[in-house]
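Colleague: Requesting a structural model of the entry that follows:
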Amino acid sequence: MEDAFWDSDSESSVFDRDRHINYLLMMYQMLPSPYQDQEINRLTLAYFVISGLDVLSALDRIDKDAVINWVLSLQAHPKNGTILENGEFYGFHGSRSSQFQSNDNAAATPNGSHLASTYCALAILKTVGYDLSLVDAKLLLNSMKNLQQPDGCFIPIHIGGEKDLRFVFCAAAICSMLKDWSGMNREKAKEYIRNCQSYDGGFGLIPGSESHGGATYCAVASLKLMEFIEEDLLSKKASCDTINVPLLLDWSLQKQAQDGGYQGRANKPTDTCYAFWVGGVLRILKADKFINERSLREFLFTCQSQYGGFSKFPRWLPDIYHSYYGFCAFSLLKEPGLNSLHVELGLTDIAAMGL
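Modeller: Numbering: from 1, shown residues only. Alright, predicted model coming up:
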């Protein structure tokens with residue numbers, strides 16, 4: 001998907017909503033063969049498609065009941081009722097195939113659920129209007145506590161797995177959507193996030209690592225969801241003793257490059273998705289007024305595909321991931337006909353409010 005190009009003469013300076021809707025509907029019906037190696041992440045791909053249709057105000061084009069039933073079928077349950085077993089996490093599996101793993105005798109045995117898949121599952125359910133009070137939140141959150149590490153970070157599965165800010169965000173978003181913070185120690189999570197802020201103001205995925213646009217979004221969005229960030233940090237009266245906000249603002253503003261797009265890291269090419277990751281940080285900080293919107297639009301239009309969707313780089317072929325964050329970026333830019341975003345939750349305002 002990323003090694004082919006389209007004719008640059010076909011670029012448009014108009015947001016082609018209808019073509020984008022058709023692109024997502026095609027992905028909703030059947031994923032192209034290049035996505036085969038993403039089978040275990042099918043739930044995440046579905047999140048990009050369904051939430052993307054919501055951003056485009058086209059959620060009426062899918063069968064919501066079918067979506068609900070499919071997502072709920074991926075929920076993990078303990079063997080013995082509500083008894084937690086061996087520290088396992090009872091969230092959602094990423095796909096049907098990832099619900100089971102083969103043992104030494106090639107027999108299928110239950111596999112653990114995943115924190116990121118659980119975030120995507122709950123996000124989809126909220127988007128299609130499912131009442132999350134019907135989800136066994138007590139079981140999910142009690143088991144999710146096992147994933148938080150002594151330093152405050154989270155691992156995504158109950159055995160092994162990397163740990164970084166992505167999973168802190170997933171945990172915070174899950175608690176926020178379920179309206180129950182018993183699944184995590186917020187103070188420990190806050191301290192871990194604080195330790196991930198780099199000398200230049202951005203955040204790395206783990207303490208001491210290079211600042212990154214996605215990691216910075218996860219840090220700031222998590223703090224916002226956990227209510228450690230005031231509503232208007234840039235006002236003279238607001239303060240924040242958790243992170244260095246002026247340095248964070250300076251780093252974020254420096255990420256908009258000369259071509260109008262956003263970089264995820266210093267000295268890296270601009271990329272469609274960072275228009276949301278970094279632009280979303282600026283929106284949460286109420287500093288999006290400093291975005292050069294005209295230049296950003298011009299960059300994004302070079303990544304808008306004639307087939308619908310958005311690509312990572314100008315004139316590459318589109319993919320689901322960058323398409324979704326391209327739509328989100330245009331929502332942040334208040335494109336007519338698009339639903340507004342609840343930025344820190346990664347959903348539309350309509351979905352976040354449960355309307």
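Colleague: buried stuff in the helix or strand hosting Tyr325?
Modeller: Assigned by DSSP states H and E, Tyr325 belongs to helix 320-332. By neighbour count on 16 or more other Cβ atoms under 10 Å, the buried set for helix 320-332 is 320-332. In this view, the C-beta of every residue, glycine as well, is placed from N, C-alpha and C.
Colleague: With only the CA atoms kept, save that helix in CSV.
Modeller: Provided in CSV are the C-alpha atoms of helix 320-332 (Å, rounded to 0.1, in the frame of the first residue of the first chain):
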residue,chain,number,x,y,z
ILE,A,320,-7.2,2.9,6.9
TYR,A,321,-4.9,4.3,9.7
HIS,A,322,-3.8,7.5,7.9
SER,A,323,-7.3,7.9,6.4
TYR,A,324,-8.9,8.0,9.8
TYR,A,325,-6.4,10.5,11.2
GLY,A,326,-6.7,12.6,8.0
PHE,A,327,-10.5,12.8,8.7
CYS,A,328,-9.8,13.7,12.3
ALA,A,329,-7.4,16.4,11.2
PHE,A,330,-10.0,18.0,9.0
SER,A,331,-12.5,17.8,11.8
LEU,A,332,-10.1,19.8,14.0
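Colleague: Tell me which residues are up against that helix.
Modeller: 15, 20, 23-24, 27, 35, 45, 48-49, 51-52, 55-56, 271-273, 275-277, 279-280, 283, 288, 296, 300, 303-304, 308-312, 338-341, 343, 348 (Cβ atoms under 8 Å, 6 or more residues apart in numbering).
Colleague: buried subset of these?
Modeller: 15, 20, 23-24, 27, 35, 45, 48-49, 51-52, 55-56, 271-273, 275-277, 279-280, 283, 288, 296, 300, 303-304, 308-312, 338-339, 341, 343, 348.
Colleague: Out of those residues, name the ones that lie in strands.
Modeller: Leu341, Thr348 (DSSP state E).
Colleague: Take the buried ones among the contacts of helix 320-332 and keep only those in helices.
Modeller: 20, 23-24, 27, 45, 48-49, 51-52, 55, 275-277, 279-280, 283, 296, 300, 303 (DSSP state H).
Colleague: Quick check: buried residues in stretch 36-44?
Modeller: So stretch 36-44, judged by 16+ other Cβ under 10 Å, has buried residues Ile40, Asn41, Arg42, Leu43, Thr44.
Colleague: mind saving the C-alpha coords of it as PDB?
Modeller: Extracted in PDB, the C-alpha atoms of stretch 36-44 (Å, rounded to 0.1, in the frame of the first residue of the first chain):
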ATOM      1  CA  GLN A  36      -4.000 -10.000   5.900                       C
ATOM      2  CA  ASP A  37      -1.000  -9.700   8.300                       C
ATOM      3  CA  GLN A  38      -3.200  -7.400  10.500                       C
ATOM      4  CA  GLU A  39      -5.800 -10.100  11.100                       C
ATOM      5  CA  ILE A  40      -5.200 -10.100  14.900                       C
ATOM      6  CA  ASN A  41      -5.900  -6.300  14.900                       C
ATOM      7  CA  ARG A  42      -9.200  -6.600  13.100                       C
ATOM      8  CA  LEU A  43     -11.000  -4.800  15.900                       C
ATOM      9  CA  THR A  44      -8.600  -1.900  15.700                       C
END
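Colleague: distance between it and the chain's centre?
Modeller: Going by Cα atoms, centre = their mean, to the nearest Å, the spacing between the C-alpha centre of stretch 36-44 and its chain's C-alpha centre is 15 Å.
Colleague: and that stretch, what's its mean pLDDT?
Modeller: Averaged across stretch 36-44, pLDDT comes to 91.
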